[in-house]
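**Q** Any chance you can model this:
(2 chains)
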2 protein chains.
Amino acid sequence: MTPPIAVADVRTVCCAGVGVIGGGWAAYFLARGYDVVAWDPAPGADDRLRHVVDAAWPALTELGLADGADRSRLRFEPELDKALAGAEFVQESAPEDLELKRRLLADLDAAAPEGVVIGSSTSGYGMSEMDTLADHPERLVVGHPFNPPYLIPLVEVVGSERTSPEVVAWAGDFYRHVGKSVITMDREVPGFIANRLQEALWREALHMVNAGEATVEQIDLSITDGPGLRWPIHGPMLTFHLAGGQGGMAHMLDHFGPSLQSPWTRLVSAELTPALRDAVVDGCEREADGRSIDDLVAERDAGVIAILRALGRA
Amino acid sequence: MTPPIAVADVRTVCCAGVGVIGGGWAAYFLARGYDVVAWDPAPGADDRLRHVVDAAWPALTELGLADGADRSRLRFEPELDKALAGAEFVQESAPEDLELKRRLLADLDAAAPEGVVIGSSTSGYGMSEMDTLADHPERLVVGHPFNPPYLIPLVEVVGSERTSPEVVAWAGDFYRHVGKSVITMDREVPGFIANRLQEALWREALHMVNAGEATVEQIDLSITDGPGLRWPIHGPMLTFHLAGGQGGMAHMLDHFGPSLQSPWTRLVSAELTPALRDAVVDGCEREADGRSIDDLVAERDAGVIAILRALGRA
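**A** Reported below is the predicted structural model:
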C-alpha cells in the first residue's frame, strides 16, 4: 500500500500516549511546526503533557523553531476518534505492555483515516508481536526514538513481515523530513540495535552493583569520564579502529582479539572467525570513507575537547 | 610501605613502553610540565613516539600547557637501567601480553629507585596476575587509562592484595594531581569497571555483525546519534533515572524491570531482587545529591545541545 499523503504535506500529527516519550514527541512535532493532537486515557495526562512540553520548549527554542511553530497548536483530545479524525501521521507511545499495545494499535488502526501511517515508539517489542489484533497491519511500523525524543536524533524504523515496504520507506522518509537520524532495519531484532547495545552495558552494570564490584556512582563516572566521551563522535566501532594505532581495526582485532575470551564481562563473546574479523575491518574502512587514522585521530581529539569544553569540564 | 617522594614533588616520569597508550601518557606528562624519559625495545619506537606526541600536542596546547611544559623535555633512552635511573614515577604501557608484562614489571621493579611507584596501563589483567616475578609487589599498582590518555580523564586505580595500601593511595593522589579523574577500586575485578561495561557493548555488537543483525555503520550511528549523546553527561545510571519521569529510577525499574528478562541482548540479566532495586535507586539518589528530576532533565538537555553544537550537528 502507498500512504495517501506525501511526507512533505503532513500538517497534523496525532500523539497517542503522552508520557515522557509521547510528550517528548509532541514537543518535537510542535517545534517542527506541526499541529499536534494528543490523546491519553490516564488521569491528569493533559497536565503532565503541558509540563513535558513546557520543560522541553526552551531547549527546542534554543535549537531553532520551525516557521509557525507554537505551543498553542497542541490540542488535547480525550476521545480517541476525535483525536484521530484529521491525523496524517500517528505516533503511538503507550506504556510498554504488550497486551495494551496490541489493543491500542488495533483501536488506532480502526479509527485513523485510511492508509495513514501509524508509528510505534515501543522500545523493544517487534511489530509482529504487536499487530496481531489490527485489521491493517500493513500500515503499522516501529519508529523507536530515544529519550528525550525532542533532542536525541535517532529513530529506528522496522516493520513486521506484514508491514508494507512502502510504509517502512514512508516512515523513514517522514522521520528524516522532520529532522531525525534514521536507521531502517531490514528485519526485526528484539531490542532493535541501540537498545541491544545499551542494554548489554546496563545489564553488566546491574551485575556489578549486585556483586558489590562497583557502586552506582563509580559506574556513571567510569562512563562520563571514560569511553562515554568518545562515543558521540565515532561510535564503538570507529573508536576501536583508533585503538589499533596506524594498523586500525585489523591490528586492534589481532592484538586484543584474544581478550574476547577473557572474563571481562558476563557476556560471552562471538567467536572471532576470519569472516567476522573481515566484516568488522571492512565495515570500519567503509565507514571511515577515506579518512586516514590520522584524520580520525584529529577528529576524535577535536571532538573530545569540544565535548569537555561544552560540558564545562576542560 | 610509603613512597619516598610526595606526589607534588615528582618531576621526572619514566614511560616504559610507548605505543599508542604509552606515547599518549608521555605526551600528557610533558604537557603537565614533567621531564619524561621513554623506553621501548621495539624497533622504530623512538620515531613512532615522536609521531604520537606531535599529533597530540596541538590538542594539549589548546587545552592549556603547564608552566614550562616542552616537548624538548622528552628523552628516549634505549637502556632500561638508564631510563629508570632518575624516575620518580613509572608508567608501564607494554603490549597486552601477560608473560611479557610479568617479566617487564619484574625488570622495572629491579631497576627503579627504591620505593618509587610503578603503575601499569594494563587494560584487563589484575596486578595479582602480573606481579608474580617482582621482588617488591607492594609498589606495583594498576593505573588504567583510556585512549587517548592525553584527553580522556579516567584512570582506574587498583592494586593486588600484595600492593601496599599507601601505594594505592599515592597512585590515586598522583593521577589526580596531574589532572586525571580517578576511580579507586577496593578489589580486583577482571576488566575493572569501564572496560567491563564497554566490553559488554562491544561483544553484543560483534554478535550482531556476526548474525547479520546490524552493519558496522548502523552500530556506530545507533550510538553516536542515540544513547551515546547522553552518556558523557550523566552516565548510564542517572540517564535511566530520567527515563522514569518524575518517579526516577524507582519508577523506571518498576516499569521496565520485566524487560530485563527479554532477549534484548545475549547477556542474561541479574535478577532484579528488592535488594538490587534498592541499591540502584539509592545510588541514583546519592549521585543526584539533591538535584531534582527537573534539575537533571534541564542539565541533560543543556548537555545534549552543547554536545550537538560542539560537534557541529545542531
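**Q** For chain B, what's the nearest residue on the stretch 51-200 of chain A?
**A** Nearest to chain B, among the residues of the stretch 51-200 of chain A, is A:Gly191, at 3.3 Å (Cβ to the nearest Cβ). Where C-beta positions appear, they are placed from N, C-alpha and C, glycine not excepted.
**Q** hang on, isn't that residue packed against B:Trp264?
**A** Yes. Counting by Cβ atoms under 8 Å, A:Gly191 does reach B:Trp264; the two are 3.3 Å apart.
**Q** shared neighbours of those two, anything?
**A** Both A:Gly191 and B:Trp264 are contacted by A:124, A:199, under the criterion Cβ atoms under 8 Å, 6 or more residues apart in numbering or on different chains.
**Q** and the nearest residue to A:Arg313 once chain neighbours are set aside, what does it touch?
**A** Among residues not flanking A:Arg313 along the chain, B:Pro153 sits closest, at 7.8 Å (Cβ to Cβ, 6 or more residues apart in numbering or on different chains). Contact analysis of B:Pro153 by Cβ under 8 Å, 6+ apart lists A:225-226, A:229, A:313, B:179-181.
**Q** Next, the contact list for A:Pro165, please.
**A** With Cβ under 8 Å, 6+ apart, A:Pro165 has these contacts: A:Gly159.
**Q** what helices or strands is the helix or strand containing A:Asp295 leaning on?
**A** Assignment of secondary structure by DSSP states H and E places A:Asp295 within helix A:293-310. Packing partners of helix A:293-310 (3 or more Cβ pairs under 8 Å, 6 or more residues apart in numbering or on different chains; DSSP states H and E): helix A:231-241, helix B:45-63, helix B:293-310.
**Q** now the ones you listed as a markdown table including mean neighbour count?
**A** Rendered in a markdown table, the data for those read as follows (neighbours: other Cβ atoms under 10 Å in any protein chain shown):
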| stretch | mean neighbour count |
| --- | --- |
| helix A:231-241 | 25 |
| helix B:45-63 | 17 |
| helix B:293-310 | 18 |
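**Q** In CSV: those helices, plus distance to B:Gln218 and mean pLDDT.
**A** Listed next are the helices and strands packed on helix A:293-310 as CSV, based on distance: least, Cβ to Cβ, whole Å; pLDDT from 0 to 100:
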stretch, distance to B:Gln218, mean pLDDT
helix A:231-241, 10, 94
helix B:45-63, 29, 93
helix B:293-310, 20, 90
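**Q** closest to A:Gly119 out of those helices?
**A** With Cβ to Cβ as the criterion, A:Gly119 lies closest to helix B:293-310 of the helices and strands packed on helix A:293-310, at 22.3 Å.
**Q** okay, that closest one in CSV with CA atoms only?
**A** Taking C-alpha atoms only, helix B:293-310 is exported to CSV below (Å, rounded to 0.1, in the frame of the first residue of the first chain):
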residue,chain,number,x,y,z
ILE,B,293,14.4,15.2,38.2
ASP,B,294,13.6,18.6,36.6
ASP,B,295,17.1,19.8,37.5
LEU,B,296,18.7,16.7,35.9
VAL,B,297,16.4,17.0,32.8
ALA,B,298,17.5,20.6,32.4
GLU,B,299,21.1,19.6,32.8
ARG,B,300,20.8,16.7,30.4
ASP,B,301,19.1,18.9,27.8
ALA,B,302,21.7,21.6,28.1
GLY,B,303,24.4,19.0,27.8
VAL,B,304,23.0,17.3,24.7
ILE,B,305,22.5,20.6,23.0
ALA,B,306,26.1,21.6,23.9
ILE,B,307,27.4,18.3,22.6
LEU,B,308,25.4,18.5,19.3
ARG,B,309,26.6,22.1,18.9
ALA,B,310,30.2,21.3,19.8
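**Q** any residues touching it, and which ones?
**A** Helix B:293-310 is contacted by residues A:55-56, A:58-59, A:62-63, A:148, A:151-152, A:232, A:303, A:306-307, A:309-311, B:229-230, B:232-234, B:238-239, B:241-242, B:245-246, B:248, B:288, B:291, B:314 when judged by Cβ under 8 Å, 6+ apart.
**Q** before we move on, what about stretch A:202-209?
**A** By Cβ under 8 Å, 6+ apart, stretch A:202-209 touches A:213-216, A:219, A:265-267, B:189, B:193, B:196-197, B:200, B:236-237, B:240, B:260, B:265, B:267-270, B:272, B:276, B:279-280, B:283.
**Q** Quick one: mean pLDDT over it.
**A** Mean pLDDT, stretch A:202-209: 96.
**Q** Just the buried residues of that stretch, please?
**A** A:202-209 (16 or more other Cβ atoms under 10 Å in any protein chain shown).
**Q** a markdown table please, covering the residues you listed and showing distance to A:Thr122 and secondary structure.
**A** Formatted as a markdown table, these follow (distance: Cβ to Cβ, whole Å; DSSP: H, G, I helix; E, B strand; the rest coil):
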| residue | distance to A:Thr122 | secondary structure |
| --- | --- | --- |
| A:Trp202 | 18 | helix |
| A:Arg203 | 19 | helix |
| A:Glu204 | 24 | helix |
| A:Ala205 | 23 | helix |
| A:Leu206 | 22 | helix |
| A:His207 | 26 | helix |
| A:Met208 | 28 | helix |
| A:Val209 | 27 | helix |
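**Q** number of nearby residues for A:Asp282?
**A** 13 (other Cβ atoms under 10 Å in any protein chain shown).
**Q** scratch that, A:Gly312
**A** 9.
**Q** That one belongs to a strand?
**A** No. Applying DSSP: H, G, I helix; E, B strand; the rest coil, one finds A:Gly312 to be coil, outside a strand.
**Q** Please tell me how far it sits from chain B.
**A** 9 Å (Cβ to the nearest Cβ, to the nearest Å).
**Q** Can you tell me how far that residue is from B:Glu299?
**A** According to Cβ to Cβ, to the nearest Å, A:Gly312 and B:Glu299 sit 11 Å apart.
**Q** which of the contacts of stretch A:202-209 count as buried?
**A** The buried subset of the contacts of stretch A:202-209 (16+ other Cβ under 10 Å) comprises A:213-216, A:219, A:265-267, B:189, B:193, B:196-197, B:200, B:236-237, B:240, B:260, B:265, B:267, B:269-270, B:272, B:276, B:279-280, B:283.
**Q** Give me the subset of those that lies in helices.
**A** A:216, A:219, B:196-197, B:200, B:236-237, B:240, B:276, B:279-280, B:283 (DSSP state H).
**Q** Compute the inter-axis angle for the helix-or-strand element of chain A with minimal mean pLDDT and helix A:293-310.
**A** Across the helices and strands of chain A, mean pLDDT, DSSP states H and E gives its lowest value to helix A:248-256, namely a mean of 88. Computed by axes from the mean of the first three to the mean of the last three Cα atoms, to 10 degrees, the angle separating helix A:248-256 from helix A:293-310 equals 90 degrees.
**Q** do helix A:248-256 and chain B meet?
**A** Yes. Counting by Cβ under 8 Å from any Cβ of the partner chain, chain B is contacted by helix A:248-256 at A:255-256.
**Q** Buried residues, that helix. List them.
**A** Neighbour-count burial for helix A:248-256 [16+ other Cβ under 10 Å]: A:248-253, A:255-256.
**Q** orientation of that helix relative to helix A:231-241 in degrees?
**A** Using the same axes, to 10 degrees: helix A:248-256 against helix A:231-241 is 60 degrees.
**Q** Could you list every helix and strand in contact with helix A:248-256?
**A** Here helix A:248-256 touches helix A:231-241, helix A:274-288, going by 3+ Cβ pairs under 8 Å, 6+ apart.
**Q** any chance of those in a markdown table, plus distance to B:Met185?
**A** Formatted as a markdown table, the helices and strands packed on helix A:248-256 follow (distance: least, Cβ to Cβ, whole Å):
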| stretch | distance to B:Met185 |
| --- | --- |
| helix A:231-241 | 23 |
| helix A:274-288 | 30 |
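**Q** Rebuild those as JSON lines, extending it with distance to chain B.
**A** Listed next are the helices and strands packed on helix A:248-256 as JSON lines, based on distance: least, Cβ to the nearest Cβ, whole Å:
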{"stretch": "helix A:231-241", "distance to chain B": "3"}
{"stretch": "helix A:274-288", "distance to chain B": "3"}
